[in-house]
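Asker: Give me the fold of what follows.
(one chain, ligands or ions: 1)
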Amino acid sequence: MKHLLSVRDLDRAAAIGILDLAEDMADVATRAVPKLPALRGRTVANVFFEDSTRTRLSFEAAAKRLSADVITFSAKGSSVSKGESLKDTAQTIAAMGVDAVVLRHGASGAARVLADSGWIDAAVVNAGDGTHEHPTQGLLDAYTMRKRLHGEGSRGRDLEGVRVTIVGDILHSRVARSNVWLLQTLGAGVHLVAPQTLLPGGAAEWPVTTSSDLDAAIAAAPDVLMMLRIQSERMHAAFFPHEREYARQWGLSDARFARLGADTMIMHPGPMNRGLEISAAAADSKASVILDQVTNGVSIRMAVLYLVLSGGQE
Ligand code: NCD
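Answerer: A predicted model of the protein is given here:
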């Protein structure tokens with residue numbers, strides 16, 4: 001694998017291969033010295049044009065556990081404020097000698113542009129491009145579902161028959177898009193719940209069912225309920241009347257949480273707006289795998305960095 005730009009480039013075998021490799025990487029974390037020499041001498045550049053806590057730290061931890069060196073670029077405080085372009089920024093960083101660029105950018109398609117441009121030689125890993133995709137998030141979500149459902153018996157398995165309901169700001173969510181495509185590849189069924197204004201027109205062509213009724217979706221007892229953050233920074237219009245109204249209709253409140261089946265796992269990619277998309281009781285409950293998602297993200301990113309930097313299939 002040269003780059004990871006979109007989950008749509010992964011067939012079932014490739015996706016399961018990454019999840020299985022991540023399981024091996026997770027085993028490393030339990031060792032007295034949780035480090036592998038696999039990427040010694042390699043340099044990973046984290047290039048973040050948008051804010052991030054989890055994703056940036058997670059890629060950094062993953063690279064370090066594989067003994068790679070890490071350099072980090074954040075647009076805030078950089079020469080981007082002086083008008084420097086993606087091309088010049090990327091070439092400047094590449095000129096320092098980097099083997100992989102982990103790119104987060106506000107423009108949908110930015111990672112593909114960088115990978116196809118010939119501006120740099122490095123492997124490109126998409127860490128979120130606008131509203132388009134966030135492939136390592138999709139992978140860590142699939143890993144988290146598989147692990148919670150199958151435990152030690154996860155290896156080699158897909159998510160055939162698993163019913164996943166994704167709720168909220170689908171329109172602006174790259175997390176939702178990566179989940180929709182990857183979950184389809186892995187055999188899961190996806191139902192999207194959102195206000196009509198936050199459902200993309202194109203969703204009619206996606207392999208999903210849609211509705212605006214969260215209560216009905218909860219009554220259907222899905223295996224997974226994934227709540228999304230309201231992407232206010234991408235909203236240049238009023239997509240719903242008021243936050244209170246959003247929370248009332250599409251928030252996982254205490255009352256809805258109480259009606260949720262005991263076996264439904266609750267997910268959220270973070271950062272959470274507690275009280276808006278999800279109540280504190282739901283987020284902190286036993287049913288919540290929100291912190292598992294964070295832990296598993298490091299293993300997934302170890303697997304991805306290893307695959308793009310070693311050129312291996314396995
Ligand atoms: C997501 C993102 O940036 O796309 N966060 C993340 O990477 N965990 C989701 C979000 O910002 O709401």
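Asker: Name the residues of the stretch 1-150 of the chain found near the ligand, please.
Answerer: Selection of the stretch 1-150 of the chain residues close to the ligand by CB under 6 Å from any ligand atom yields 54-55, 128, 134, 137. The way it works is simple: take the backbone N, C-alpha and C, and place the C-beta from them, glycine included.
Asker: Would you agree R148 is in contact with I290?
Answerer: No - counting by CB atoms under 8 Å, R148 stays clear of I290, with 11.8 Å between them.
Asker: need the helices for the stretch 101-250 of the chain, in chain order.
Answerer: 110-117, 135-150, 174-185, 214-219, 243-250 (DSSP state H, counting those that start in this stretch).
Asker: Name the next helix or strand downstream of the last one, please.
Answerer: Tracing the chain C-terminally past helix 243-250 and defining elements by DSSP states H and E, one meets helix 254-259 next.
Asker: count of neighbours near K2?
Answerer: The number of residues packed near K2 is 10, by other CB atoms under 10 Å.
Asker: List the beta-bridge partners for the residue lying closest to it once chain neighbours are set aside.
Answerer: Of all residues not flanking K2 in the chain, A123 sits nearest, at 6.1 Å (CB to CB, 6 or more residues apart in numbering). Following DSSP bridges, A123 is listed with bridge partners A100.
Asker: Quick one: end-to-end length of stretch 42-58, please.
Answerer: 17 Å (CA to CA, to the nearest Å).
Asker: tell me which residues in it are buried?
Answerer: 42-50, 52, 54-56, 58 (16 or more other CB atoms under 10 Å).
Asker: for this structure, longest helix please?
Answerer: Secondary structure of the chain per DSSP state H: the longest helix is helix 290-310.
Asker: what about the strands in the chain?
Answerer: 43-48, 69-74, 100-105, 123-129, 163-167, 189-193, 209-211, 224-227, 265-267 (DSSP state E).
Asker: For the ligand, what is the nearest residue in the stretch 101-250 of the chain?
Answerer: Nearest residue of the stretch 101-250 of the chain to the ligand: R229, at 3.4 Å (CB to the nearest ligand atom).
Asker: who's in contact with S279?
Answerer: Counting by CB atoms under 8 Å, 6 or more residues apart in numbering, S279 touches 251-254, 257.
Asker: Could you export the strands of the chain as CSV, including mean pLDDT and distance to S299?
Answerer: Shown next, in CSV, are these (pLDDT from 0 to 100; distance: least, CB to CB, whole Å):
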stretch, mean pLDDT, distance to S299
strand 43-48, 97, 16
strand 69-74, 94, 17
strand 100-105, 97, 16
strand 123-129, 98, 15
strand 163-167, 98, 20
strand 189-193, 98, 23
strand 209-211, 98, 31
strand 224-227, 98, 19
strand 265-267, 98, 16
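Asker: Number of residues surrounding P271?
Answerer: P271: 11 surrounding residues under other CB under 10 Å.
Asker: now do D99
Answerer: A count of nearby residues for D99, using other CB under 10 Å, gives 19.
Asker: Could you do S212 as well?
Answerer: By the other CB under 10 Å criterion, the neighbourhood of S212 contains 16 residues.
Asker: Tell me the pLDDT of the residue nearest to the spatial centre of the chain.
Answerer: The centroid of the chain falls nearest to Q137 when counting by CA atoms, centre = their mean (1.6 Å). If you check Q137, the pLDDT there is 98.
Asker: Equivalent analysis for G311, please.
Answerer: pLDDT, read off for G311, is 73.
Asker: Let me see the contact set for it.
Answerer: 1-2 are the contacts of G311 under CB under 8 Å, 6+ apart.
Asker: ok, back up a step: against which helices or strands is the longest helix of the chain packed?
Answerer: Helices and strands touching helix 290-310, as assessed by 3 or more CB pairs under 8 Å, 6 or more residues apart in numbering; DSSP states H and E, comprise helix 12-29, helix 54-65, strand 100-105, strand 123-129, helix 135-150, strand 265-267.
Asker: can you put these in TSV and add distance to S310?
Answerer: As requested, those are exported to TSV (distance: least, CB to CB, whole Å):
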stretch	distance to S310
helix 12-29	11
helix 54-65	13
strand 100-105	11
strand 123-129	10
helix 135-150	17
strand 265-267	30
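Asker: Count the neighbours of T131 for me.
Answerer: Per other CB under 10 Å, the neighbour tally for T131 reads 21.
Asker: Excluding sequence neighbours, find me the nearest residue to it.
Answerer: H172 (5.0 Å).
Asker: can you check S79 too?
Answerer: In this structure, S79 finds its nearest non-sequential neighbour in T89, 7.3 Å apart by CB to CB, 6+ apart.
Asker: Sweet, I'm off.
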